[in-house]
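Q: Sequence first, then the predicted structure, then my questions.
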Amino acid sequence: MDKTEILKALSHPVRVEFLEWMRQPQAHFSSQAHPLDMGICANQFEKRCGLSQSTVSAHLSTLEKAGLVTTTRVGQWTFYQRDEETIRRFLSHLGETL
């Protein structure tokens, strides 16, 4: 767990919002054709936030680099899920050090 990368990732409100949406995917991505337990397809973020594909990809890449999300490739699609274990460890670390 790279705490610096996580803090950088969490410094942008859109990335925090993406993580919030992924916490309850059924509430935010119910129109996704693929099962939500696969994760959230990148294009669902584009539809929901109205940002360009490249901007959404950059935000998701930052979250992935920080270890806050995991990815699964299925054909041409990439699905994203929160990495709950990394998030728990990071929050625990914050509670112990701040």
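A: Structure's in. What do you need? Numbering: from 1, shown residues only.
Q: what about the strands in the chain?
A: In the chain, the strands defined using DSSP state E lie at 40-41, 69-74, 77-82.
Q: from these, which stretch is densest packed?
A: Comparing the strands of the chain by mean neighbour count (mean count of other Cβ atoms under 10 Å), strand 40-41 comes out on top with a mean of 22. Placement of C-beta: from N, CA and C, glycine included.
Q: Show me where this structure has its helices.
A: 3-10, 13-23, 25-28, 42-49, 53-65, 84-97 (DSSP state H).
Q: which of the residues in the last one are buried?
A: Of all the residues in helix 84-97, those buried under the rule 16 or more other Cβ atoms under 10 Å are Thr86, Ile87, Phe90.
Q: and what of stretch 2-11?
A: The neighbour-count check on stretch 2-11 (16+ other Cβ under 10 Å) flags Ile6, Ala9, Leu10 as buried.
Q: wait, doesn't the second one sit right on Leu60?
A: No: the criterion here is Cβ atoms under 8 Å, and Ala9 misses it with Leu60 at 10.2 Å.
Q: circling back to that earlier point, would you list the buried residues of stretch 2-11 in CSV and tack on distance to Ile40 and pLDDT?
A: Shown next, in CSV, are the buried residues of stretch 2-11 (distance: Cβ to Cβ, whole Å; pLDDT from 0 to 100):
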residue, distance to Ile40, pLDDT
Ile6, 20, 96
Ala9, 17, 97
Leu10, 18, 97
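Q: Tell me the one among those nearest to Val69.
A: Nearest to Val69 out of the buried residues of stretch 2-11 is Ala9 (Cβ to Cβ; 9.2 Å).
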